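Enquirer: A predicted structure for the sequence below; I have some questions about it.
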Amino acid sequence: MTHPADRPISVPAYPQWPELSAEEGAALKERIKSLLAEQEAVLVAHYYTDGELQALAEETGGCVADSLEMARFGAESRAKTLVVCGVRFMGETAKILNPEKRVLMPDLKSTCSLDEGCPPSEFAAFCDAHPDHTVVVYTNTSAAVKARADWVVTSSIALPIVEHLAARGEKILWAPDKHLGRYVQEKTGAEMLLWDGACVVHEGFKAHALERLRALHPDAAVLVHPESPEGVIAQADVVGSTTQLIKAVVELPHPEFIVATDTGIFWKMRQLAPNKVLLPAPAAGEGATCESCAHCPWMAMNALHNLEQVLLIGDQEIQIEPEIGARARIPIQRMLDFARERGIGHRSSD
């Protein structure tokens, strides 16, 4: 495993949005719907964003999905403008796949600790030091890092792609999430060098606290995203992407679920399985004042308030240098082609 230079990652405070009455909220949504229609725009929202944004995306013919389906939807949409509610790498991916379209985000500062922890120059040096390795990067990376990769993967497709590469005898250079990388390495037996990065949300889950919660809810199934630490993954009944965890809540017979991923996912889980009890996996340290703080502060930068503003002003537009975008498109398209050929990730098969 490589250890990038120590760098503090500045985690923002959770934004405080003005409270809206039911009437104000309804009026705001209607204004946004009108703006989307006027601009031939479509809303693409991640499962970790606020439930109101997810609902609005569905009501207006947009998409609520994990990052693989978001990428596919954006590439297939006929809309002239894509409004991506998520974090910046998701907007960049939409622009890479659709350079001719306008791609807006409510706030371009909504980045990601994995992206921040993998600077392109340091990553390029890592790649240069291991030229005999196939470079596989998680989608939670910048366009410049993707441009250096042979493959881009999401959590829902990482295992089959790495299995495919390992079967061909290829050695893997993996970035940036060390927990997901370790999990993939363990499951596939691939020879892998791992970048030392982590998600601030998923790394916060505590194995010892999860053990205590499981003891209180012995009939609950434990659902874990593979960006979580090894001790948390070891206790899981299901390890998977956001889409796979949602599917588990719907299909498994358990009345209760302990969920170790961003709590934004609970909106979709409750929509599809309203009778199931959902418990957030403990993410608080000893002496903390919250049971679980498992919500990405960058995802929380997406709200109805700034969604309306970006449609009115258009100032939060993703721009990518054409050369970098063209290079980054190759490994992303390679992933999408792999998924299509094997029927991975489509909603009908998830």
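Expert: Received the coordinates, thanks.
Enquirer: pull the helix or strand with minimum mean pLDDT from the chain.
Expert: helix 67-76 (a mean of 86; mean pLDDT, DSSP states H and E).
Enquirer: Check which residues of that one are buried.
Expert: Residues of helix 67-76 classed as buried by neighbour count (16 or more other CB atoms under 10 Å): 67-75. C-beta: built from backbone N, CA, C; applies to glycine.
Enquirer: report the angle between the axes of the top helix by length along the chain and helix 67-76?
Expert: Counting residues, the longest helix found in the chain (DSSP state H) is helix 322-342. Orientation of helix 322-342 against helix 67-76 (axes from the mean of the first three to the mean of the last three CA atoms, to 10 degrees) gives an angle of 110 degrees.
Enquirer: And the contacts of helix 322-342?
Expert: 68, 71-72, 75, 93, 95-97, 99, 137, 143-144, 146-154, 157, 160-161, 164, 320, 344-346 (CB atoms under 8 Å, 6 or more residues apart in numbering).
Enquirer: Kindly recompute the last result at 6 Å.
Expert: Applying CB atoms under 6 Å, 6 or more residues apart in numbering, the contact partners of helix 322-342 are 96, 99, 143-144, 146-147, 149-152, 157, 345.
Enquirer: Check stretch 46-62 too.
Expert: Stretch 46-62 is touched from outside by 33, 36, 42-45, 64, 85-86, 242, 262, 264-265, 267-268, 296, 299, 302, 304, with contacts defined as CB under 6 Å, 6+ apart.
Enquirer: Just the buried ones out of the residues you listed, please.
Expert: For these, buried by 16+ other CB under 10 Å: 36, 42-45, 64, 85-86, 242, 262, 264-265, 267-268, 296, 299, 302, 304.
Enquirer: can you tell me which of those are in helices?
Expert: The helices, defined by DSSP H, take in 36, 242, 267-268, 304 from those.
Enquirer: ok, which pair from the buried residues of helix 67-76 is furthest apart?
Expert: Ser67 and Ala75 (12.7 Å; CB to CB).
Enquirer: picking that back up, could you list which of the contacts of stretch 46-62 belong to strands?
Expert: 42-45, 64, 85 (DSSP state E).
Enquirer: Dump the residues you listed into CSV; add distance to Glu170 and pLDDT as well.
Expert: CSV is the format used below for these (distance: CB to CB, whole Å; pLDDT from 0 to 100):
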residue, distance to Glu170, pLDDT
Val42, 37, 97
Leu43, 38, 97
Val44, 32, 97
Ala45, 35, 97
Val64, 35, 97
Cys85, 36, 98
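Enquirer: Secondary structure class of Leu108, three-state.
Expert: coil (DSSP: H, G, I helix; E, B strand; the rest coil).
Enquirer: Relative to Glu317, how far out is it?
Expert: 8 Å (CB to CB, to the nearest Å).
Enquirer: if I pick the residue nearest the centre of the chain, what's in contact with it?
Expert: For the chain, the residue nearest the mean C-alpha position is Ser67 (5.4 Å; CA atoms, centre = their mean). Residues near Ser67 by CB under 6 Å, 6+ apart: 139, 154.
Enquirer: From Gly86, how far off is it?
Expert: Ser67 sits 8 Å away from Gly86, going by CB to CB.
Enquirer: go on, Lys80?
Expert: For Lys80 relative to Gly86 (CB to CB), the value is 20 Å.
Enquirer: what does the domain assignment say about this protein?
Expert: Domain assignment for the chain, taken from automatic domain parsing, gives 22-110+300-319, 114-194, 202-295.
Enquirer: Dump those to JSON lines, plus distance to Arg334.
Expert: JSON lines is the format used below for the domains of the chain (distance: least, CB to CB, whole Å):
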{"stretch": "domain 22-110+300-319", "distance to Arg334": "12"}
{"stretch": "domain 114-194", "distance to Arg334": "6"}
{"stretch": "domain 202-295", "distance to Arg334": "19"}
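Enquirer: need the least confident one among these, by mean pLDDT.
Expert: Of all the domains of the chain, the minimum mean pLDDT falls on domain 202-295 (a mean of 92).
Enquirer: Wait, Leu35 touches Ile313, no?
Expert: No: Leu35 lies out of contact with Ile313 (CB atoms under 6 Å); the separation is 10.8 Å.
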